[in-house]
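Undergrad: Make a model of this:
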Amino acid sequence: MTRETIIYEQPLNEHIRFCLRLEHLFTQAKYYIASQDIWNTRTALATIIEILEAVDRSDIKSKLTNALRIQSTRLEQLQRLPNIDKDKLNNILNELNQSIVILHGIEGKLCQELREDEFITAIRQRNNTPGGTCNFAIPAYCLWLQKPAVERQKMLNTWFGSFDRLQIIVTLLIQLTREGGSSIPQLANNGFYQEALTPNIAYQMIRVAIPKDINIYPEISVGRHRLSIHFYKLDINGSAKQTKNDINFELTCCKI
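TA: Just a heads-up that it's a prediction; the model follows:
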């Protein structure tokens, strides 16, 4: 029987860090939107607002565009290889180019139409205050939450749909990044692993897969020349201590 593993990912640049955070928020929003419970509706809308806060920067479009172009340049170089699946490669290149066109076609900040929604704005202004969206604070929100579940879910999906184009781009970048390396079995002696890195390789992400049942998690540190991983035993009632056991794990160094 194959042991269940947990994959820990360490982003190594700003745009991958941004994409991983958005991927997490997109997954969270979808989960809560699917529920008909009022408290889950609250969490779904709070997550949508959190996504909106995450993309509320004027430089996001340029950073994502640059990341897409870097990936496109890397893949174009693969066209010279003899055994490459050119149809699959061309499809991915088309997706990258379409994503660049999409970003160029967006005026102003990402999801500007959602940012201008007065109902969302009223909730957003109070969302960071503890208890700021309670019933007495926003009566309109209190009333809306009493609407039938189907009506609430329809509106949530409309708001969440504002991120559709962004989701496509984030999913593509994360997928290409994760596919940019091969998983290799490794051994951490006495709970510590270290590996020299090639400075001229543009590493994007480190992935560490550990069996779930050993109750161990990694602390990953990456510099220009070296990767270090300390493995700790989970103890929520005390200070973290590095394990003294040898740990078998799988390591993936994702690069461009």
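
Undergrad: Quickly note the distance from residue 85 to residue 139.
TA: 58 Å (C-beta to C-beta, to the nearest Å). No exception for glycine: its C-beta is placed from N, CA and C like everyone else's.

Undergrad: Correction: the previous question concerned residue 61.
TA: Taken as C-beta to C-beta, the span from residue 61 to residue 139 is 36 Å.

Undergrad: tell me the average confidence for stretch 244-255?
TA: Across stretch 244-255, the average pLDDT comes to 94.

Undergrad: buried residues in stretch 238-245?
TA: residue 243 (16 or more other C-beta atoms under 10 Å).

Undergrad: what sits up against it?
TA: By C-beta atoms under 8 Å, 6 or more residues apart in numbering, the surrounding residues in contact with stretch 238-245 are 190, 191, 192, 216, 230, 231, 232, 233, 235.

Undergrad: cool, and stretch 152-165?
TA: For stretch 152-165, using C-beta under 8 Å, 6+ apart, the contacting residues are 26, 29-30, 33-34, 36, 38, 41, 44-45, 48, 51, 102, 106, 111, 113-114, 117, 120, 144-145.

Undergrad: Which stretches in the stretch 101-250 of the chain count as helices?
TA: 112-115, 118-127, 139-144, 149-160, 164-178 (DSSP state H, counting those that start in this stretch).

Undergrad: give me the number of residues near residue 100?
TA: Other residues lying near residue 100 total 17 when counted by other C-beta atoms under 10 Å.

Undergrad: Extract the C-alpha set from stretch 56-73 and format it as PDB.
TA: The C-alpha coordinates for stretch 56-73 follow below in PDB (Å, rounded to 0.1, in the frame of the first residue of the first chain):
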ATOM      1  CA  ASP A  56      -5.000  45.300  -5.200                       C
ATOM      2  CA  ARG A  57      -1.600  46.300  -6.600                       C
ATOM      3  CA  SER A  58      -0.800  48.200  -9.700                       C
ATOM      4  CA  ASP A  59       2.200  46.100 -10.600                       C
ATOM      5  CA  ILE A  60       0.500  42.600 -10.500                       C
ATOM      6  CA  LYS A  61      -0.300  42.600 -14.200                       C
ATOM      7  CA  SER A  62       3.300  43.400 -15.300                       C
ATOM      8  CA  LYS A  63       4.700  40.800 -12.900                       C
ATOM      9  CA  LEU A  64       2.400  38.100 -14.200                       C
ATOM     10  CA  THR A  65       3.000  39.100 -17.800                       C
ATOM     11  CA  ASN A  66       6.800  38.900 -17.200                       C
ATOM     12  CA  ALA A  67       6.400  35.400 -15.600                       C
ATOM     13  CA  LEU A  68       4.400  34.200 -18.600                       C
ATOM     14  CA  ARG A  69       6.900  35.500 -21.100                       C
ATOM     15  CA  ILE A  70       9.800  33.800 -19.200                       C
ATOM     16  CA  GLN A  71       7.900  30.500 -19.300                       C
ATOM     17  CA  SER A  72       7.100  31.000 -23.000                       C
ATOM     18  CA  THR A  73      10.800  31.700 -23.800                       C
END
